[in-house]
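# sequence and predicted structure are below.
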Amino acid sequence: SSRYVLSQMHPMWQEPLAIPGGERQSPIDISVRKSMFDPQLKPLVMKYDPRTCQQIWNNGYSFLVEYDDTTDKSTLQGGPLEDQFRLCQFHFHWGENNKWGAEHTVDHLLYPAELHLVHWNADRYSLFEEAVMEDNGLAVIGVFLKVGKRHEGLQKLVDALPAVRHKDSVVEFTRFDASGLLPENTQDYWTYAGSLTTPPLTEAVTWIIMKQPIEVSHDQLAVFRSLLFTSAEEDVQKSMVNNFRVQQPLKGRTVRSSFV
Ligand SMILES: NS(=O)(=O)c1ccc(B(O)O)cc1
Ligand SMILES: [Zn+2]
């Protein structure tokens, strides 16, 4: 077909000028030596029920694996959190090559991709849309991806991606265990107060960034890059790559660690 596939050299969208508050924006670089060990941080407790997994949706920024969050079947609690949060979706950010793509960095170390498991505070709010406006409304677990051996748990998801190649496409996707995407060690993490990294950029997120990355194969990551930012009707197709936000000022925030 006469369609062109362009790879973008810049993050996916221009930064809006004024951001609400702008005091706790994400993503950030995590300086290991400047983070503070907090012995009062509790173990994280993830209880994800694969039966709550519903579909994959290409929203034009990333692909979202969406969960039924109308009950307390898939939850996150513990760690820095005082309340119980419900899993509503997970998605990824990645680059056009394996040199960059993640949103957070650790001592400026770049990873090729980053997984975000998005949860909202169901003890205090009744809908995600409500919680997204509150400073204790959301909790997002970030997991770095590095290129190495094939990730068996990811393959079912990778095989479904061609069905959501274009923006606004949806495919049924059920019985997927999100905990299979977590690293073996989920007790070593950094946590800080931040924001969504795509519009509406609201400062509602308690970030929990895992220290241990997961390994995925080069070929698995290459399938992410076969997705498109653009819908099927558009003449010029744009590869969905570099869908990460530029890093934001720390503005005096402290990053705490659960480990020494
Ligand atoms: N990239 S992120 O995890 O900060 C995130 C999560 C959810 C939404 B959203 O539902 O608009 C936007 C960004
Ligand atoms: Zn994200």
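Received, thanks. Numbers count the residues shown, from 1 in each chain. Ligands and ions are numbered 1, 2, ... in the order given.
# just the element for the residue most central in space within the chain, please.
By CA atoms, centre = their mean, the chain has its centre lying nearest to His116, at 1.9 Å. Following DSSP states H and E, one finds His116 within strand 113-121.
# for burial, what's the neighbour tally of Ala193?
19 (other CB atoms under 10 Å). Any C-beta I mention is one placed from the backbone N, CA and C, and that applies to glycine too.
# kindly apply the preceding question to Ser239 instead.
17.
# local confidence estimate at it?
On pLDDT, Ser239 comes in at 98.
# measure it to ligand 1 for me?
19 Å (CB to the nearest ligand atom, to the nearest Å).
# how much space separates that residue from Arg165?
10 Å (CB to CB, to the nearest Å).
# spit out the residues that contact the two alike.
Ser226, Leu227, Leu228 (CB atoms under 8 Å, 6 or more residues apart in numbering).
# of all those, which comes closest to Ala122?
Leu227 (30.3 Å; CB to CB).
# wait, isn't that closest one in contact with Met240?
Yes: if you go by CB atoms under 8 Å, Leu227 and Met240 touch, sitting 4.0 Å apart.
# between the two, which one's more packed in?
The neighbour count for Leu227 versus Met240, taken as other CB under 10 Å, is higher for Met240 (26 against 21).
# where do the helices sit along the stretch 51-200 of the chain?
Using DSSP state H, counting those that start in this stretch, the helices of the stretch 51-200 of the chain run over 128-131, 152-160.
# chain center to the longest one: distance?
Think helix 152-160. Mean C-alpha position of helix 152-160 versus that of the full chain (CA atoms, centre = their mean, to the nearest Å) differs by 17 Å.
# what's that helix packed up against?
helix 218-224 (3 or more CB pairs under 8 Å, 6 or more residues apart in numbering; DSSP states H and E).
# partner strands of the following helix or strand past the helix it packs on, with direction?
Going down the chain from helix 218-224, the next helix or strand is strand 236-238, by DSSP H and E. Paired neighbours of strand 236-238 in the sheet (DSSP bridges): strand 4-6 (parallel).
# give the contact list for the closest residue to Asn58 other than its chain neighbours.
Take Asn58 and drop its neighbours on the chain: the residue closest to it by CB to CB, 6 or more residues apart in numbering is Val164, 4.2 Å away. Val164 is in contact with Ile56, Trp57, Asn58, Phe63, Val170, Val171, Leu227, counting by CB under 8 Å, 6+ apart.
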